[in-house]
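Participant: A predicted structure for the sequence below; I have some questions about it.
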Amino acid sequence: MITELVILGAVTGVIKYSSKDRKLSDHELMLGYKNLGVLRKPIIVNMKNTPHLMVCGLSGNGKTKMIEFAIKDKKCVLLNCFKEDFKNVDAKRIIGNDKILAYLKGLLNSMKLRDQKSKPFYVVIDEMLVLCIDKEITKAIQDILAIGRHHSIFLIGISQIGTKEAVKFKDMLNARVCFRQVEESSYRTILGYSPENTQLKKREFYYYSNEVGKGKTYTIN
């Protein structure tokens, strides 16, 4: 069981996580925590059980910091991610549609060299909806979503909205997170269920994986 050291809360509301019992596996991503009275329980998704992750929400509500925290010790690549973001992540960055498409095609071609026993590799795509205007990039992303789990390659897509019209392959992302949205219907579209309260504060989110619930992000420091 994972425990945490809680540095509260009373003045700043800041909670920092420290694992005492075990480290997360390479397939596990920690997204934040949920309140259980005076206790805080870490929210963890396992890519073996719910492969690929979609994170949606309005700008400035915590999407980037959540993923930075989740992948900072993972093997990954950052696509369409600018230098001012993910500062605590040591990974290759690729920007520009042509370069991103070339990388995705190369990754697909190299998958035959990997199997499920390979160390998990994460493909983080920021502003995914912008990239998906390009039909070739969309096709490459769909192919990774379809077969990536069999080769221990998992995609993390970040966007401001996640409607069916905007991301037609949304159902292939089996773990989903929703920060604050403008339209109430957006929560249902992204999560597959309608939360009771849609007035989320900064760093608060709803999630869907092998369970559903509400949480808040840890600090990145």
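Facilitator: Thanks, I have it.

Participant: list the residues that contact Asn46.
Facilitator: 25, 27-29, 209-210 (Cβ atoms under 8 Å, 6 or more residues apart in numbering). Every C-beta, even on glycine, is put in place using the N, C-alpha and C of the backbone.

Participant: from those residues, pick the one nearest Met47.
Facilitator: Of all the contacts of Asn46, Met47 sits closest to His27, with 4.7 Å by Cβ to Cβ.

Participant: what segments of this structure are helices?
Facilitator: In the chain, the helices defined using DSSP state H lie at 63-71, 97-110, 128-131, 135-147, 184-191.

Participant: I'd like those helices as TSV, with mean pLDDT appended.
Facilitator: Shown next, in TSV, are these (pLDDT from 0 to 100):
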stretch	mean pLDDT
helix 63-71	94
helix 97-110	97
helix 128-131	88
helix 135-147	95
helix 184-191	84
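
Participant: quick one, which of those helices is packed in tightest?
Facilitator: Mean neighbour count (mean count of other Cβ atoms under 10 Å) peaks for helix 63-71 among the helices of the chain, with a mean of 23.

Participant: where does pLDDT dip in the chain?
Facilitator: Low-confidence segments of the chain, defined by pLDDT under 70: 1-22, 165-166, 220-221.

Participant: can you give me the strands for it?
Facilitator: 28-36, 39-46, 53-56, 76-79, 92-94, 121-125, 153-159, 175-178, 204-208, 212-216 (DSSP state E).

Participant: tell me which of these sits most buried.
Facilitator: strand 53-56 (a mean of 28).

Participant: what pairs with that strand, parallel or antiparallel?
Facilitator: strand 153-159 (parallel), strand 175-178 (parallel) (DSSP bridges).

Participant: make TSV from those strands and add distance to Gly106 to it.
Facilitator: Formatted as TSV, these follow (distance: least, Cβ to Cβ, whole Å):
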stretch	distance to Gly106
strand 153-159	12
strand 175-178	26
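
Participant: Lys41 is nearest to which of those?
Facilitator: Closest to Lys41 of the strands paired with strand 53-56, according to Cβ to Cβ: strand 175-178, at 16.2 Å.

Participant: can you show me the CA trace of the closest one as CSV?
Facilitator: The C-alpha trace of strand 175-178 is given here as CSV (Å, rounded to 0.1, in the frame of the first residue of the first chain):
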residue,chain,number,x,y,z
ALA,A,175,-8.1,6.4,-18.8
ARG,A,176,-9.5,9.9,-18.8
VAL,A,177,-9.2,13.0,-16.7
CYS,A,178,-11.3,16.1,-16.9
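
Participant: still on that earlier bit, can I get the strands of the chain in a markdown table including distance to Ile147?
Facilitator: Listed next are the strands of the chain as a markdown table, based on distance: least, Cβ to Cβ, whole Å:
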| stretch | distance to Ile147 |
| --- | --- |
| strand 28-36 | 20 |
| strand 39-46 | 19 |
| strand 53-56 | 17 |
| strand 76-79 | 17 |
| strand 92-94 | 21 |
| strand 121-125 | 13 |
| strand 153-159 | 8 |
| strand 175-178 | 18 |
| strand 204-208 | 23 |
| strand 212-216 | 27 |
